[in-house]
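Undergrad: here is a sequence together with a model predicted from it:
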Amino acid sequence: MSKVAFITGASRGIGLSCAKRLAREGWSIVVAAKTTEPHPKLPGTIYTAAEEIKEAGAPEALPVQCNVRDLESVNAAAAAVLDKFGRIDAVINNAGALWWRTLDETPLNKFDLLIDVNCRAAYACTYAFIEKMKEQKSGHIVNMSPPVDLSIVPGHIAYMIGKFGMTMIAQGVAEEFKEYNIKGSALWPKTIIESSATINYGMGDPSIWRKADIIADATYEILARPEVSNGRALIDEEFLREVGYTDFDQYKCLPDSQPMDLDSDLMRMARS
């Protein structure tokens with residue numbers, strides 16, 4: 001039986017790229033996202049994504065409507081997955097909310113959104129599957145979040161609280177459940193990645209972006225090499241170099257472009 005990955009936010013962007021990469025390796029994919037009807041500003045639905053994933057080679061692609069802010073929705077999605085497949089091999093917490101503003105520009109309702117969609121959702125989806133992983137004595141949690149670096153906090157306090165929380169979940173799981181062979185990893189891009197968030201937030205143009213394929217390749221390698229990825233907060237390019245990748249031009253959005261590092265200086269520029 002194929003391995004099964006539950007991917008939040010998989011109807012488009014980075015989540016869809018990760019899903020299609022795993023599909024090519026024979027994984028079955030659960031497309032866990034909110035969008036069931038076409039959106040005027042956002043591409044794709046859980047159904048169109050499932051079709052693309054099947055075309056990429058997935059034995060099964062299960063579209064499941066899931067609002068990661070709603071615990072009942074998360075639990076219902078997890079139940080549907082376990083009823084369909086009877087197992088879960090990876091939970092990839094990719095859904096995210098982005099808001100790069102200072103504290104005085106971040107009212108509490110915006111703070112709640114960032115915590116709910118980032119940290120709380122990752123916790124809820126992990127919790128929903130952890131007992132099954134313990135029963136199997138296998139599983140891997142992959143959270144799309146950065147290494148904890150306090151220099152990034154000024155200018156995006158609320159956002160980084162949520163993202164660092166995701167990293168703490170991944171690294172905590174790796175230690176708490178090691179006797180059950182459950183792994184945990186965090187993953188973050190070195191450069192800006194082309195996505196709906198990048199476009200809608202006005203973060204430059206394709207000349208400074210990389211394709212989401214680099215995150216997809218890193219996600220696959222994390223899952224394929226748990227002996228080196230477990231318990232770590234990884235940067236996509238650094239990890240891919242570590243496991244033998246050398247051609248990074250393939251990830252450029254434009255052949256002669258120069259992707260820009262996603263550092264604290266750039267994050268502060270992007271908010272202006």
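TA: Perfect, thanks for sending it.
Undergrad: from S151, how far out is I215?
TA: 23 Å (CB to CB, to the nearest Å). For glycine as for every other residue, the C-beta is placed from the backbone atoms N, C-alpha and C.
Undergrad: tell me where the stretch 51-200 of the chain has helices.
TA: In the stretch 51-200 of the chain, helices defined by DSSP state H, counting those that start in this stretch lie at 71-85, 108-114, 121-136, 157-176, 196-200, listed in chain order.
Undergrad: and those helices, which one averages the lowest pLDDT?
TA: Mean pLDDT per stretch puts helix 196-200 lowest among those, at a mean of 72.
Undergrad: buried stuff in that one?
TA: For helix 196-200, a neighbour-count test (16 or more other CB atoms under 10 Å) marks 196, 198-199 as buried.
Undergrad: low pLDDT regions in the chain?
TA: Within the chain, the stretches with pLDDT under 70 are 200-202, 264-272.
Undergrad: find the centremost residue of it, please.
TA: Nearest residue to the geometric centre of the chain (CA atoms, centre = their mean): N94, 2.3 Å.
Undergrad: if I look at it, how far off is L22?
TA: 12 Å.
Undergrad: and what of I182?
TA: Separation of I182 from L22 (CB to CB): 18 Å.
Undergrad: re earlier: ok, I215 and S151, which is more surrounded?
TA: Using other CB atoms under 10 Å as the criterion, I215 and S151 rank with I215 on top: 25 against 7.
Undergrad: who's in contact with the more buried one?
TA: By CB atoms under 8 Å, 6 or more residues apart in numbering, the contact set of I215 is 14, 17-18, 144, 187, 189, 193, 236.
Undergrad: in strands, which of these appear?
TA: 144, 187 (DSSP state E).
Undergrad: buried subset of the contacts of I215?
TA: 14, 17-18, 144, 187, 189, 193, 236.
Undergrad: got JSON lines for these, with distance to I157 too?
TA: As requested, the buried ones among the contacts of I215 are exported to JSON lines (distance: CB to CB, whole Å):
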{"residue": "I14", "distance to I157": "24"}
{"residue": "S17", "distance to I157": "29"}
{"residue": "C18", "distance to I157": "28"}
{"residue": "M144", "distance to I157": "19"}
{"residue": "L187", "distance to I157": "22"}
{"residue": "P189", "distance to I157": "21"}
{"residue": "I193", "distance to I157": "23"}
{"residue": "D236", "distance to I157": "25"}
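Undergrad: so between I182 and L22, which is more surrounded?
TA: Shown here are I182 and L22; by other CB under 10 Å, L22 has more neighbours (29 against 23).
Undergrad: list the buried residues of stretch 161-176.
TA: Result for stretch 161-176 [16+ other CB under 10 Å]: buried residues 162-171, 173-174.
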